[in-house]
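1. What would the 3D arrangement of this be:
(2 chains)
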There are 2 protein chains.
Amino acid sequence: MNNFVYQNPTKIIFGKETIGKIGEEIKNHNIKSVLILYGKGSIFKNGVYDKVVDSLKANNIQYIEKGGVKPNPVLSFVRETVRLVKRNNIEAILAVGGGSVIDSAKAIGAGAVYDGDIWDAFEGNVKLSDSLPIFSILTLSATGSEMNGYAVITNETENKKWAFTAGLSSYPKVSVIDPTVQFTLPKEQTVYGAIDVLSHIFELYFDGTPETDLPDELAEGLVRTIIKSVKTLIDKPEDYNARANLAWSATLALNGIIGAGRNYGDWATHSIEHSISAFYDVAHGAGLAVIFPAWMSYNINLINDKLIRLGRNVFSHDINEGSQTIKQLVEFYKSIGAPVKLTDFGIQENDLNKLADNAALQAPLGALRKLERDDIYQIYSIAFKGEY
Amino acid sequence: MNNFVYQNPTKIIFGKETIGKIGEEIKNHNIKSVLILYGKGSIFKNGVYDKVVDSLKANNIQYIEKGGVKPNPVLSFVRETVRLVKRNNIEAILAVGGGSVIDSAKAIGAGAVYDGDIWDAFEGNVKLSDSLPIFSILTLSATGSEMNGYAVITNETENKKWAFTAGLSSYPKVSVIDPTVQFTLPKEQTVYGAIDVLSHIFELYFDGTPETDLPDELAEGLVRTIIKSVKTLIDKPEDYNARANLAWSATLALNGIIGAGRNYGDWATHSIEHSISAFYDVAHGAGLAVIFPAWMSYNINLINDKLIRLGRNVFSHDINEGSQTIKQLVEFYKSIGAPVKLTDFGIQENDLNKLADNAALQAPLGALRKLERDDIYQIYSIAFKGEY
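-> Residues are numbered from 1 along each chain as shown, chains lettered A, B, ... in the order given. Below you'll find the predicted structure:
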């Protein structure tokens, strides 16, 4: 096991009928005004907005609102909202939504206390450590952003979907996770969310760190729980136990617990996928369903034993080759309605060079091995065919 | 899964050669003077003391010292040290040791900022929420105290071994866990430490909460890791990987992660054991090795299915009865040299009434079911024979 530092100060309030607690939590931080940030407006249909506003009013917290965060959240929106926050002397950001809203909140929160342009931090030109306090009400379990300090934003003019953190200050002070809010999600959002979570676990699990017995046990427990929960939710979207197990799995997958002791993940697959959703506005989870099996296949010589271990502990005791685990994973993704090849997104073979050029902007990618442009191209080629 | 609130602000610094970081961490909290608290003095033999003092000096942190914390730490020592801390205007407590030292530090830290007697908080007569900052250097993985807010202290004049917390203020700000420090532990300390950890997991696992898929997966992963690590350490006490996996398992077992979503544990067995070590100065882990199988056996009708699940996922796929899991657990404890019946401690059958009376002071005990004095006596009787 590697040496590590683990610290995660986020307070999680989890369960049924918990959204109404947010006002008191914000008041306990001596905050008197917030920006309520949200996406396309589903929070008006599922009752979440009303609960949030009632709770803020009951605790005498002033608020302004800003909707319209996109699924792949964009920099222009972040910049515009930073100006809004500064103009109104807002003291904290309350994200009400999924990972895209929470990620935007983190970028806005850090941007509001930074004199320059927040994209500087994404480019690595400046290291930030301060932010307005972030609070979140989670409405879609996927990115794990509710309990970590990272944000991924797309610079849409430069086609860069990149990550940043302002350290501990980017961790939400409080995140409320009420799984019942997710009862009414469209099926594909549940599925793509779950695939995003599984992909986070795979990034960590396959990062090449030796002797990670305990982190691997925890990771495999999460994978089994997620697969079981998704299978249930396909038919029973209002099964509370499955929603709760999936939601808490999503949070734990990327809150640092299963990453501690490792090389902190490979993350090449995420970068390779980000280039797809930077150009095509494909759901992140859908892109990952296509790219991860291709990445595994390209690197099979390095991870064959680990694939066998995963396969035996998750799919079947009879697995003897890593390729069987990849096949089982792809079959599982097909069974829950996920795409498994790039052509499913309308991507043509002559688009692959453009994608490889874009992903290679941050090359070399990965920790297991360093991927250069040609490796990345090969992985897109495998994903283009989608045959395992 | 139950609703829950999870928050754990402790910063963990884990791995080889990490002890020297403590001075800078304390300095980062603007603290200029600490009490170094320790036990019987093993820290002078294994080099830990020198590393701690060098790190404090390098960061210009003043310190006084107090040694002599006992394995079952006592109230008189806590009271005496509270006076010492107050006299010297100490700003923080640096615990260097195992759970008994860290628990004492928490009681001293809270006692130093409370006007009354700290035992008030153990009796439940006052609810504290303030403490001097606590830091720890862990030298024995067992209690999990390095990453939670609880402390267990024995009031030796009243034979009460009870727990208290001052909430978030009792969580160590920083805990340093260097597994190499534990290379030189006597074998029985490793064994009893591991049994303590397993018992924490069992308290949570068998607390009767329905639908705990994910917490159970995590718990079983910890149990497998602990059993595997201990088996290795019996023969190879300097196996770093086994030490690291056992140490991190011990921390995660009681930092709230596997308790979230449950009834927060049964804890009857711990109370029943505490009465033994209040009278006989038996190692806590040794007492738990004897009591937990007896508790399981007494409650088998309520936990038979869960015992079968645990047995299959930890010991053997062939297990079909809960009693087989209990037998396997007892055999494992025997194989690593742990006691399995009360007579191993020199306890006589006519002592059982005294023990039951003592444990019943806090009755009813437990969450799975409420145990009254007669139930407790029956459990002692089963543990007296130790036949499963």
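
2. Tell me the residues of the stretch 101-250 of chain A that contact chain B?
-> Proximity of the stretch 101-250 of chain A to chain B is confined to A:211, A:213-214, A:217-218, A:220-222, A:224-225, A:228-229, A:241, A:244-245, A:248-249 under the rule Cβ under 8 Å from any Cβ of the partner chain. Yep, even glycine has a C-beta here, placed from its N, CA and C like the rest.

3. Let's see that with 6 Å instead.
-> Selection of the stretch 101-250 of chain A residues close to chain B by Cβ under 6 Å from any Cβ of the partner chain yields A:211, A:213-214, A:217-218, A:221, A:225, A:241, A:244-245, A:248-249.

4. Report the buried members of the residues you listed.
-> A:213-214, A:217-218, A:221, A:225, A:241, A:244-245, A:248-249 (16 or more other Cβ atoms under 10 Å in any protein chain shown).

5. In helices, which of these fall?
-> A:213-214, A:217-218, A:221, A:225, A:241, A:244-245, A:248-249 (DSSP state H).

6. quick check, nearest of those residues to residue B:284?
-> Relative to residue B:284, the closest of those is residue A:214; by Cβ to Cβ it sits at 22.8 Å.

7. hmm, back to that, now for the residues of the stretch 101-250 of chain A next to chain B, which pair is the farthest apart?
-> That would be A:211 and A:241, which, of those, are the farthest apart (Cβ to Cβ) at 34.2 Å.

8. Pick out the residue closest to the middle of chain A.
-> residue A:143 (2.0 Å; Cα atoms, centre = their mean).

9. Who are the contact partners of it?
-> residue A:99 (Cβ atoms under 6 Å, 6 or more residues apart in numbering or on different chains).

10. does the residue of chain A positioned farthest from its centre count as helix, strand or coil?
-> Most distant residue from the mean C-alpha position of chain A: residue A:60, 32.5 Å away (Cα atoms, centre = their mean). Here residue A:60 is coil, with the state taken from DSSP: H, G, I helix; E, B strand; the rest coil.

11. Which neighbouring elements make contact with the lengthiest strand in chain A?
-> Assignment by DSSP state E gives strand A:4-14 as the longest strand of chain A. Applying 3 or more Cβ pairs under 6 Å, 6 or more residues apart in numbering or on different chains; DSSP states H and E, one finds that strand A:4-14 makes contact with strand A:174-177, strand B:4-14.

12. can you list the residues of the stretch 101-250 of chain A next to chain B in JSON lines and add pLDDT and distance to residue B:383?
-> Shown next, in JSON lines, are those (pLDDT from 0 to 100; distance: Cβ to Cβ, whole Å):
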{"residue": "A:211", "pLDDT": "92", "distance to residue B:383": "37"}
{"residue": "A:213", "pLDDT": "94", "distance to residue B:383": "32"}
{"residue": "A:214", "pLDDT": "97", "distance to residue B:383": "30"}
{"residue": "A:217", "pLDDT": "98", "distance to residue B:383": "30"}
{"residue": "A:218", "pLDDT": "98", "distance to residue B:383": "32"}
{"residue": "A:221", "pLDDT": "98", "distance to residue B:383": "31"}
{"residue": "A:225", "pLDDT": "98", "distance to residue B:383": "35"}
{"residue": "A:241", "pLDDT": "97", "distance to residue B:383": "35"}
{"residue": "A:244", "pLDDT": "98", "distance to residue B:383": "36"}
{"residue": "A:245", "pLDDT": "97", "distance to residue B:383": "35"}
{"residue": "A:248", "pLDDT": "98", "distance to residue B:383": "35"}
{"residue": "A:249", "pLDDT": "98", "distance to residue B:383": "37"}
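
13. and which of those is nearest to residue B:194?
-> Residue B:194 lies nearest to residue A:214 out of these, by Cβ to Cβ, at 13.3 Å.

14. Look up how far residue B:157 lies from that closest one.
-> According to Cβ to Cβ, to the nearest Å, residue A:214 stands 41 Å off from residue B:157.

15. likewise residue A:342?
-> Distance from residue A:342 to residue B:157, by Cβ to Cβ: 74 Å.

16. For the two, indicate the residue with more neighbours.
-> residue A:342 (27 against 9; other Cβ atoms under 10 Å in any protein chain shown).

17. measure the more buried one to chain B for me?
-> Separation of residue A:342 from chain B (Cβ to the nearest Cβ, to the nearest Å) stands at 33 Å.

18. From what I see, that residue and residue A:383 are in contact.
-> Yes - assessed by Cβ atoms under 6 Å, residue A:342 is found in contact with residue A:383 at 5.1 Å.

19. Are there residues contacting both of those two? Which ones?
-> residue A:290.

20. if we can go back for a sec, would you list the buried ones among the residues of the stretch 101-250 of chain A next to chain B in CSV and tack on distance to residue A:177?
-> Output for these, formatted as CSV (distance: Cβ to Cβ, whole Å):
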residue, distance to residue A:177
A:213, 29
A:214, 25
A:217, 24
A:218, 19
A:221, 19
A:225, 15
A:241, 14
A:244, 9
A:245, 12
A:248, 8
A:249, 11
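
21. Residue A:153: which of these is nearest?
-> Using Cβ to Cβ, those come closest to residue A:153 at residue A:249, 24.9 Å.

22. Now do the contacts for the closest one.
-> Taking Cβ under 6 Å, 6+ apart as the criterion, residue A:249 is in contact with A:222, A:225-226, B:214.

23. Could you work out the most separated pair of those?
-> A:226 and B:214 (9.0 Å).

24. what's the pLDDT at the closest residue to residue A:4 other than its chain neighbours?
-> Nearest residue to residue A:4 in three dimensions, chain neighbours excluded: residue A:260, at 4.6 Å (Cβ to Cβ, 6 or more residues apart in numbering or on different chains). At residue A:260, the model reports a pLDDT of 97.

25. what's the answer for residue A:272, then?
-> Residue A:272 is given a pLDDT of 95.

26. Contact partners for it?
-> Neighbours of residue A:272 in contact, by Cβ under 6 Å, 6+ apart: A:291, A:359, A:376.

27. List just the nearest of the residues you listed to chain B.
-> residue A:291 (26.3 Å; Cβ to the nearest Cβ).

28. Quick check: which element contains residue A:202?
-> helix A:187-205 (DSSP states H and E).

29. Quick check: buried residues in that helix?
-> A:189-205.

30. got it, and stretch A:307-324?
-> A:307-315, A:319, A:322-324.

31. cool, and stretch A:219-237?
-> Result for stretch A:219-237 [16+ other Cβ under 10 Å]: buried residues A:219-230, A:232-233, A:237.

32. Repeat that for stretch A:355-365.
-> A:355-356, A:358-360, A:363, A:365.
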